[in-house]
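J.: Have a look at this prediction, sequence included:
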Amino acid sequence: MTDHSTTPEDTGALLSVSGVDIGYRTGRRTETTIVRDVSLDLYPGQSLALVGESGCGKTTLGLGLLRLLPRTGRISAGRILFRRKDGRRVDVRTLGKEELRRFRWNEAAMVFQGAMNAFNPVLRIEDHFTDTFRAHESGRGRRPRARILERSAELLEMLHLDPARVLRAHPHELSGGMRQRALIALALALEPQLLILDEPTTALDVLTQRAIVERLAELRERLGFSMVFITHDLGLAAELSDRVATMYAGRLIETGTTRDIFHRPRHPYTSALINSVPSVSGGRTLPESLPGGPPSLAALPPGCSFAPRCAHALDRCSRTRPEPELLQERDRGMSHAAACLRSTDTALFAEGATRD
Amino acid sequence: MTDRTLRTTPPPAPETTAADGGPAAAQPVLTLRGVRREFDTPRGRISAVAGVDLDVRPGSVVCLVGESGCGKTTTARIAAGLTAPSGGSVLFRGRDVAAMDKRERAGFRRSVQYIHQDPYASLNPVRTVWSTVTAGLRRHRMVGGRAEARGAAAELLERVDLTPAEDYLDKYPHQMSGGQRQRVAVARALAMNPQVVIADESTSMLDVSIRVSMLNTLGRLRDELGVGFLFITHDLAVARYFAWEGEVAVMYLGRVVEHGPTPRVVGDPRHPYTRALVSAVCEPDPDLARGGERFRLRSADVPDLTDPPPGCDFHPRCPLHEAGDCDTVRPPLVRHRDRSLSCHVVTRG
Ligand SMILES: Nc1ncnc2c1ncn2[C@@H]1O[C@H](COP(=O)(O)OP(=O)(O)OP(=O)(O)O)[C@@H](O)[C@H]1O
Ligand SMILES: Nc1ncnc2c1ncn2[C@@H]1O[C@H](COP(=O)(O)OP(=O)(O)O)[C@@H](O)[C@H]1O
Ligand code: SF4
Ligand code: SF4
Ligand SMILES: [Mg+2]
Ligand SMILES: [Mg+2]
């Protein structure tokens, strides 16, 4: 959101997104803009959590980054620069069909929301692996089936799955958590530099979530990929990210290090989200509920789009749309910034006011 | 009132909560005694529920906690009369449901309402909200014409914070968010004026913000209408919040392994499985999340139910297991200080 990335100059970022708008066609001549003016830099090895309520555009942004939008979706503005393994920077927005096919899985891969229920039910897990390798490994780099299975087994083991059992299994023979881990292994098959995970633990029980969190942390340590994970679970973000970006009504309204966001949130929406998470420890502070829901993206209110729900809204909030304000400058995309007219009103965000 | 059934395990005596004169002191409305349920699957017979005892009292909450596949939903469906137990009994206000005549049974069905875990699957897609919410009322001829039914629906929608109700009456499920659908499901359950609500993981797919406001709505029903809850979740942080004044029963492979007052069980978990569940929760604080030792299981995956391990069901995953007792004798659920526990090692101390 802070526009470090408008300069085409190479800052060493793996991914450099600037001014991206994404919309869906909603009628013969109408398009609704969902994602608005998103800019962000991701550096090698970083893990960014994209958080926000359902419907605020997280999945749309994630799909857009890899040009995986459905037919009706379109990136209508901005640039998505990506530094490939060969060192060249490309704008993902302008990649041709063949270049895109090589880009996906080899450079960046995505684990889709709810995808553990979307494995092809008639194929064994091993077929999913061989198909992936076949489709995305090019010409001379192609490995024979035996090598593919060997590599698949290695990946499954890294996710604490028994390859002998899992490779031969059909998807329905595995639990939800096992399928999700198999999918992560599949996404990592071609050693992408960027892994995007959309709600990787939603609808899984806590022990399964824990297993996935631990495997992801280990894998990141071992393979060094960067990660963007999309979640509405703030607990997961606290655990698995170096940086957090909060999304509301299609915009990034606060970005910062994970500590900034959890200990010093400067946007009332971020702090409300954090305060609504029940905790197993600490004092008996009850989570607060955030009234109402996000606005319709087709008819955003003027001014701050959070104003109708904001406990701190002033009159001017519904007139002036807050621009992101830099609160703490840091390198490698770690700056803290928030788009709230009152983000520097420290009384609102006094230490301990958000959580005791 | 329990004379017709033999307790297989000591009751999870509610002294701690009853002592302060709270609602827990009341007689249970819904009781499970030694409830069992087997299923025949292509891979063999499994025991989904293997002897569960629970008491739900007016205005209080029993939270059933455990990981996927441990038998929570099956237990809940038995409690709601939706699945027949293979053994044991369900008592409603002291009466064995199996012995009820048709009229009594209908009363039981109305008074014990089940809310499904998936807000996307639980509503009929071709019915409008008012029609869904009042289906039961109309079936039991508890409302006159269409106008009266719509009026009743509007009132129910207000109670679950779908306001103004007029905006929702004529909507179809696909026109609503997950949270709104879930509220419609709650309104439908409330139409029957239930004494017990059985809510099955009704929060798991929802956003944090919707989830908390949903729990608050359910909390009002508990406190203002005295509804008793059997609340099912896998998340002990949610259990702690919603059932603070009630009890938590932790289930593993069809059996309760730890059961007691919520603040005790969540604040000081004793069974190794409960400890793993508590320590698995992702805390919304990066320092808490990364600091401290985590209680780790030896294996992430639940054993095959068609071939359960000998001895303690939990021993292949238990970091505290000791050769000898743990892999040969199943530990009984026994009273241990402020709770019931089933573990050789912990109850020895
Ligand atoms: N109708 C059925 N036929 C065969 N097996 C069943 C049936 N219903 C449940 N089971 C099995 O019984 C066991 C317990 O299932 P249940 O749905 O009660 O678990 P749960 O604790 O509610 O899990 P979750 O947290 O995933 O909802 C599982 O192994 C399940 O596959
Ligand atoms: N294929 C589509 N066509 C039209 N609108 C869509 C499509 N997919 C998503 N949307 C809309 O875009 C908005 C953002 O959706 P999404 O990116 O899925 O949000 P999130 O992942 O944050 O829940 C929502 O209003 C949703 O209804
Ligand atoms: S700009 Fe105003 S309405 Fe928006 S978040 Fe800040 S205080 Fe609230
Ligand atoms: S009885 Fe043994 S194996 Fe079972 S929970 Fe206790 S210590 Fe673990
Ligand atoms: Mg999404
Ligand atoms: Mg279930």
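T.: The structure has been received and is ready for your questions. Numbering: from 1, shown residues only, chains lettered A, B, ... in the order given. Ligands and ions are numbered 1, 2, ... in the order given.

J.: ok now do B:F108, which residues does it touch?
T.: Applying C-beta atoms under 8 Å, 6 or more residues apart in numbering or on different chains, we find B:F108 in contact with B:81, B:92, B:97, B:100. For glycine as for every other residue, the C-beta is placed from the backbone atoms N, C-alpha and C.

J.: what's the closest of these to chain A?
T.: B:G81 (25.8 Å; C-beta to the nearest C-beta).

J.: where does the stretch 151-300 of chain B dip in pLDDT?
T.: The model of the stretch 151-300 of chain B has pLDDT under 70 over residues B:202-205, B:289-292.

J.: ok, how many other residues are close to the residue in it that ligand 3 sits nearest to?
T.: Closest approach between the stretch 151-300 of chain B and ligand 3, counting by C-beta to the nearest ligand atom: B:S209, at 14.9 Å. For B:S209, the tally of surrounding residues (other C-beta atoms under 10 Å in any protein chain shown) stands at 27.

J.: what about it, which SS state?
T.: Secondary structure, DSSP: H, G, I helix; E, B strand; the rest coil: B:S209 is helix.

J.: Return the distance of the residue in the stretch 251-356 of chain A that ligand 5 sits nearest to relative to B:H116.
T.: With C-beta to the ion, the shortest gap between the stretch 251-356 of chain A and ligand 5 falls at A:P294, namely 12.7 Å. Distance of A:P294 to B:H116, given as C-beta to C-beta, to the nearest Å: 25 Å.

J.: Ok, B:H321 next?
T.: Counting by C-beta to C-beta - B:H321 and B:H116 are separated by 36 Å.

J.: can you check A:L65 too?
T.: 35 Å.

J.: I would like the residues contacting stretch A:53-63, please.
T.: Counting by C-beta under 8 Å, 6+ apart, A:20, A:22, A:24, A:34-35, A:38, A:50-52, A:69-70, A:73, A:110, A:113, A:196, A:198, A:228, A:230, A:232, A:247-250, A:273, A:293-294, A:297, B:177-178, B:207-210 sit against stretch A:53-63.

J.: Filter these down to just the ones in helices.
T.: If you go by DSSP state H, these have A:273, B:178, B:208-210 in helices.

J.: before we move on, back to that, give the residue from A:L65 and B:H116 that has the larger number of neighbours.
T.: Neighbours were counted for A:L65 and for B:H116 using other C-beta under 10 Å; A:L65 has more, 25 against 19.

J.: mind checking the SS state of whatever residue of chain A ends up closest to chain B?
T.: Here the residue of chain A nearest chain B is A:G235; by C-beta to the nearest C-beta that distance is 3.1 Å. Applying three-state DSSP to A:G235 yields a three-state assignment of helix.

J.: State the distance from it to A:V35.
T.: 25 Å.

J.: just B:T128 next, same as before
T.: B:T128 is 33 Å from A:V35, by C-beta to C-beta.

J.: And these two? Which one has more around it.
T.: A:V35 (28 against 16).

J.: Just give the nearest non-adjacent residue to that one, would you?
T.: Leaving aside its sequence neighbours, A:V35 sits nearest to A:I22 (C-beta to C-beta, 6 or more residues apart in numbering or on different chains; 3.9 Å).

J.: now B:T347
T.: B:T347 sits nearest to B:H336 (C-beta to C-beta, 6+ apart), 4.8 Å away.

J.: tell me the pLDDT at the residue of the stretch 251-356 of chain A closest to ligand 5?
T.: On the pLDDT scale, A:P294 is placed at 84.

J.: Which helix or strand contains residue 155?
T.: Because you didn't say which chain, this covers chain A. helix A:145-158 (DSSP states H and E).

J.: my question was about chain B
T.: Assigned by DSSP H and E, B:E155 falls in helix B:146-159.

J.: Determine the set of other helices and strands touching that helix.
T.: helix B:129-139, helix B:166-169, helix B:178-190 (3 or more C-beta pairs under 8 Å, 6 or more residues apart in numbering or on different chains; DSSP states H and E).

J.: which of the residues in the second one are buried?
T.: Within helix B:166-169, the residues that count as buried by 16 or more other C-beta atoms under 10 Å in any protein chain shown are B:168-169.

J.: got it, and stretch A:39-48?
T.: A:39-43, A:45-48.

J.: Could you dump those into JSON lines and include secondary structure?
T.: Conversion of the buried residues of stretch A:39-48 to JSON lines gives the following (three-state DSSP):
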{"residue": "A:S39", "secondary structure": "strand"}
{"residue": "A:L40", "secondary structure": "strand"}
{"residue": "A:D41", "secondary structure": "strand"}
{"residue": "A:L42", "secondary structure": "strand"}
{"residue": "A:Y43", "secondary structure": "coil"}
{"residue": "A:G45", "secondary structure": "coil"}
{"residue": "A:Q46", "secondary structure": "coil"}
{"residue": "A:S47", "secondary structure": "strand"}
{"residue": "A:L48", "secondary structure": "strand"}
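
J.: So the closest residue to ligand 1 within the stretch 201-350 of chain A versus ligand 4, what's the distance?
T.: Using C-beta to the nearest ligand atom, A:D205 is the residue of the stretch 201-350 of chain A that sits closest to ligand 1, at 5.6 Å. Separation of A:D205 from ligand 4 (C-beta to the nearest ligand atom, to the nearest Å): 19 Å.

J.: any idea what sits nearest that residue, other than its immediate chain neighbours?
T.: B:H234 (3.7 Å).

J.: can I get the helices and strands packed on helix B:146-159 in CSV with distance to chain A?
T.: Shown next, in CSV, are those (distance: least, C-beta to the nearest C-beta, whole Å):
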stretch, distance to chain A
helix B:129-139, 17
helix B:166-169, 13
helix B:178-190, 7
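
J.: how about the residues of the stretch 151-300 of chain A near ligand 2?
T.: Counting by C-beta under 6 Å from any ligand atom, the stretch 151-300 of chain A comes close to ligand 2 at A:L297.

J.: Look through the stretch 151-300 of chain A and state the residue closest to ligand 2.
T.: For the stretch 151-300 of chain A, C-beta to the nearest ligand atom, closest residue to ligand 2: A:L297, 5.0 Å.
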